[in-house]
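>>> What would the 3D arrangement of this be:
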Amino acid sequence: MVIGELRSEYAMLIYAIKQPNQLRQKPPQYTSNFRSCNNSTVRTDKISNEVVEKTLELGGFLLEFAAVYRATYLNTNHDKESDTDHTVMLAVIACAVAAKFHPEYDLGKVAQYALVHDLVEVYAGDVNTINFNAIDIKAKEKAEADALTKIKQKFGKTFPWIHKTIERYESLIDVEARFIKTLDKSLPAITHYFTDNKAVNEGFDDPVAFEHSVTSRNKAMRKTFAHDQDVAMELREAIVGMAIEKKYEYHDKKRLTSGDQA
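Got it, this is the predicted structure:
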């Protein structure tokens, strides 16, 4: 495949991404079809054809990432939040919160972990986790592990930073990784706030069940990766707590006990 053909395929992909959600389809996976064109490829001693090829493939991979849709919404219509929407929100909010409350954190790591934390979903897809008690954790972990293997095979030789950063994040060795994983669980509630709880109302018929799901996740988080993330957990509890209150209001029910805020 020559550069002109590749540009044409990317143009079609970008057009598809800009269409309403109901018209969007998952873009094709791009493979190594790049060929240098005699005198048309400008190279230096450092930039090989392999680097050019893999940069194009990485761009295609990230366009596929932009076409992975989550269970959450961008608005009260039918526009779903994409993984890129979510990633940008997490990266900016995480750096801002860390800079304010955790000056001891490495903001470089915070930003890097936020950027790569969901890249496996290009192959594994997004799992709707709004109902914590209904998640098949083992199936999700296996799918994401398999996806990471594919990413490593595809980009590991040329751009090893990608899989190494994902692996470092998923190990949760760094406090910055635990911070990102904890804060990540708060962001769906931000979309709930701006979309009248649309995803919550679709996922739960009963506010008590929703609150129970949130409480269960909070307890699980505090026992594991969020054990030292008081700031991120407090922020989560405040933001998701608003979604709980709104859910009770939606059903015109009174919340009998405060319980654990989400």
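>>> which neighbours does the helix or strand hosting Thr72 have in its sheet, and in what orientation?
If you go by DSSP states H and E, Thr72 is part of strand 69-73. Take DSSP bridges as the rule and strand 69-73 pairs in its sheet with strand 80-82 (antiparallel).
>>> Off-centre distance for the strand it pairs with?
Remark: strand 80-82 is offset 10 Å from the chain centroid, using C-alpha atoms, centre = their mean, to the nearest Å.
>>> mean confidence for the strand holding Thr72?
Averaging pLDDT along strand 69-73 gives 94.
>>> gap between the two ends of stretch 187-203?
17 Å (C-alpha to C-alpha, to the nearest Å).
>>> in the strand holding Thr72, what's buried?
Using 16 or more other C-beta atoms under 10 Å as the test for burial, strand 69-73 gives 69-73. For every residue, glycine as well, the C-beta is placed using N, CA and C.
>>> Lys80: which of the residues you listed is nearest?
Of all these, Tyr69 has the smallest distance to Lys80: 4.0 Å, by C-beta to C-beta.
>>> Pretty sure that closest one sits against Asp79.
No. The pair Tyr69 and Asp79 fails to qualify as a contact (C-beta atoms under 8 Å) at a distance of 9.3 Å.
>>> In terms of secondary structure, what does the helix or strand where Leu63 lies contact?
Element membership of Leu63 [criterion: DSSP H and E] is helix 49-66. When contacts are defined as 3 or more C-beta pairs under 8 Å, 6 or more residues apart in numbering; DSSP states H and E, helix 49-66 packs onto helix 3-17, helix 83-101, helix 121-124, helix 137-155.
>>> List the residues that contact the residue most central in space within the chain.
Nearest to the geometric centre of the chain sits Asp118, at 4.0 Å (C-alpha atoms, centre = their mean). Counting by C-beta atoms under 8 Å, 6 or more residues apart in numbering, Asp118 touches 65, 68, 83, 86-87, 126.
>>> what do you get if the cut-off is 7 Å, keeping everything else the same?
Shown in contact with Asp118 (C-beta atoms under 7 Å, 6 or more residues apart in numbering): 83, 86-87.
>>> From the residues you listed, pick the one nearest Lys254.
Out of the contacts of Asp118, the member with the shortest distance to Lys254 (by C-beta to C-beta) is His86, at 32.9 Å.
>>> Specify the local secondary structure of the residue nearest to the centre of the chain.
With DSSP: H, G, I helix; E, B strand; the rest coil as the basis, Asp118 sits in coil.
>>> Okay, it and Arg70: tell me how far apart.
Asp118 sits 9 Å away from Arg70, going by C-beta to C-beta, to the nearest Å.
>>> okay, and the common contacts of the two?
Shared contacts of Asp118 and Arg70 (C-beta under 7 Å, 6+ apart): 83, 86.
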